[in-house]
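Student: Fold the stuff below for me.
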Amino acid sequence: MDRVNDPASLAALLTPAGQALLDALRDHDPAQELALATRLRREHPADLVSAALAQARLRQRAVAKFGARDAARMYFTANGVEQATRTSVATHRAESFKKLGVRSVADLCCGIGGDAIALARAGISVLAVDRDPLTCAVARANAEALGLGELIEVREADVTEVDTSAYDAVFVDPARRGGRGRIFDPEAYSPPLSWAVAAALKAPRAALKIAPGIPHEAIPGEADAEWISDGGDVKEAVLWFGTEPGRMRATLLPGPRALTGRGLSDPEVRPVGRYLYEPDGAVIRAHLVAEVAEQVGGGLLDETIAYVTADELRPTPYAAPYEITDQLPFSVKKLKVLLRERGVGVLTVKKRGSAVEPEELRRKVMPKPYGKASATVFLTRVAGAPTMLVGQSAR
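Tutor: Predicted coordinates for the structure are as follows:
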């Protein structure tokens, strides 16, 4: 039996004996787990030890999303850790709701309660709904463990049958994974995006969490679309309702820093300048490369590639700048010679518009370090031609 996904095991972990075991495993070393399990089973039931060890492993995995302090007190399932919103992102969303004057939220498809926790910590009362009994039990345990039980009501129900009219806002996080992995068709979400949009339009305010790769043509005209990245990694997109219909924006965490679309035309293609700017992924997903190009006084390397080039260094939080030292047609031999001449020992390979795999190229051109210098190689197209641009960070 899977001791992570067993409701009885969760209940056992909430007993004094289970709590004592979890406390003992707080800093356990996974490499020593077999010996530890053998010792603990001399003093505790085997099933309880298995459940505690499984939960301890999940807590260690959850540190990256929830931080060490919260992860050590929370409860998880394998799917819950994988699908939960990162705390920094959930906190940003909760603060956005708070700024809109929202005091109560119906959190539909709440999962293990990551977003509900952030909302409650922002002072917002939450109805957290999920149809899975174990998931609801975990969400309830997490609310209690973090001292938020008075603000979070967990309800086991089909979200499509829940009356949300008494709440200031609705938040929907549809399941985007199935038995075969990620689901890319929004109508294959559970519940489908069309249902979530209909539910959002009935509420004074609403937010729908969706995959960041959603086609722009699938975004309803009533929505205010926000793409969020954290530490440079795109985490999600959110469709807001009851705010500014048609707005497109990119939010970068930590910060937050927000770039809003102004309907600019696509930048012109121009020759490679001294600097290359790599826009943040959220900026690219939001189709706001033109806004970045305007900020830095640059243009595109190629009309189909989201790299911006310019002659001047103009700092912007929305793109990483690189000083370009060399421009070469694609050639493994020429690049290898160049790196050897420059004494490069640390090489980063980035690509956009190239079929070449960065790690494969790196192994071919630099089988061993040539020195202590560092360099970045961009595999891309310049005016349609496969090109290698060599440079280094200008930050």
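Student: CA atoms for contacts and neighbours, from now on please.
Tutor: Noted.
Student: State the distance from residue 174 to residue 220.
Tutor: Using Cα to Cα, to the nearest Å, one obtains 16 Å as the distance from residue 174 to residue 220.
Student: Tell me which of these two has more neighbours.
Tutor: Shown here are residue 174 and residue 220; by other Cα atoms under 10 Å, residue 174 has more neighbours (22 against 15).
Student: residues touching the more buried one, list them.
Tutor: Counting by Cα atoms under 8 Å, 6 or more residues apart in numbering, residue 174 touches 109, 189-193, 196, 209-210.
Student: I'd like the distance from the closest residue to it other than its chain neighbours to residue 160, if you could.
Tutor: Of all residues beyond its chain neighbours, the one nearest residue 174 is residue 190 (5.2 Å), with distances taken as Cα to Cα, 6 or more residues apart in numbering. Plainly put, residue 190 is 10 Å away from residue 160 if you go by Cα to Cα.
Student: between these two, which one's more packed in?
Tutor: residue 190 (18 against 11).
Student: give the contact list for the residue nearest to residue 174.
Tutor: 174-176.
Student: for it, which residues make a bridge with it?
Tutor: Going by DSSP bridges, residue 190 is paired in beta bridges with residue 175.
Student: Just the pLDDT for it.
Tutor: We have a pLDDT of 81 for residue 190.
Student: Next: residue 1.
Tutor: In this prediction residue 1 is given a pLDDT of 38.
Student: Export the contacts of residue 190 as JSON lines, with columns for distance to residue 95 and pLDDT.
Tutor: Shown next, in JSON lines, are these (distance: Cα to Cα, whole Å; pLDDT from 0 to 100):
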{"residue": "174", "distance to residue 95": "21", "pLDDT": "90"}
{"residue": "175", "distance to residue 95": "23", "pLDDT": "78"}
{"residue": "176", "distance to residue 95": "24", "pLDDT": "73"}
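Student: closest to residue 375 among these?
Tutor: Minimum separation from residue 375 among the contacts of residue 190 (Cα to Cα) is found for residue 176, which lies at 38.0 Å.
Student: Hmm, that closest one is touching residue 182, no?
Tutor: Yes. With contact defined as Cα atoms under 8 Å, residue 176 counts as touching residue 182 (5.9 Å).
Student: Same drill for those two, tell me which one is more crowded.
Tutor: Applying other Cα under 10 Å to residue 176 and residue 182 shows that residue 176 carries more neighbours, namely 20 against 12.
Student: Quick one: residues contacting that one.
Tutor: 182-184, 188-190, 211.
Student: Out of the contacts of residue 190, the closest to residue 309 would be?
Tutor: Of the contacts of residue 190, the one sitting nearest to residue 309 (Cα to Cα) turns out to be residue 176, at 36.1 Å.
Student: Any buried residues in stretch 349-359, and which?
Tutor: Neighbour-count burial for stretch 349-359, counted by 16 or more other Cα atoms under 10 Å, picks out 349-350, 353, 358.
Student: Okay, and which of these map to helices?
Tutor: With helices taken from DSSP state H, the overlap with the buried residues of stretch 349-359 comprises residue 358.
Student: Among the buried residues of stretch 349-359, which lie within strands?
Tutor: Filtering the buried residues of stretch 349-359 for membership in strands, criterion DSSP state E, returns 349-350.
Student: ok, back up a step: and the residue nearest to residue 174, how far is that from residue 346?
Tutor: The span separating residue 190 from residue 346 equals 45 Å under the rule Cα to Cα.
Student: next one: residue 279
Tutor: Using Cα to Cα, one gets 23 Å for the distance from residue 279 to residue 346.
Student: Pick out whichever of those two has more residues nearby.
Tutor: Counted by other Cα under 10 Å, residue 279 and residue 346 do not tie: residue 279 has more neighbours, with 23 against 16.
Student: For whichever strand or helix holds residue 12, buried residues please.
Tutor: Residue 12 belongs to helix 7-13 when assigned by DSSP states H and E. Applying a neighbour-count criterion of 16+ other Cα under 10 Å, one finds 9-10, 12-13 buried in helix 7-13.
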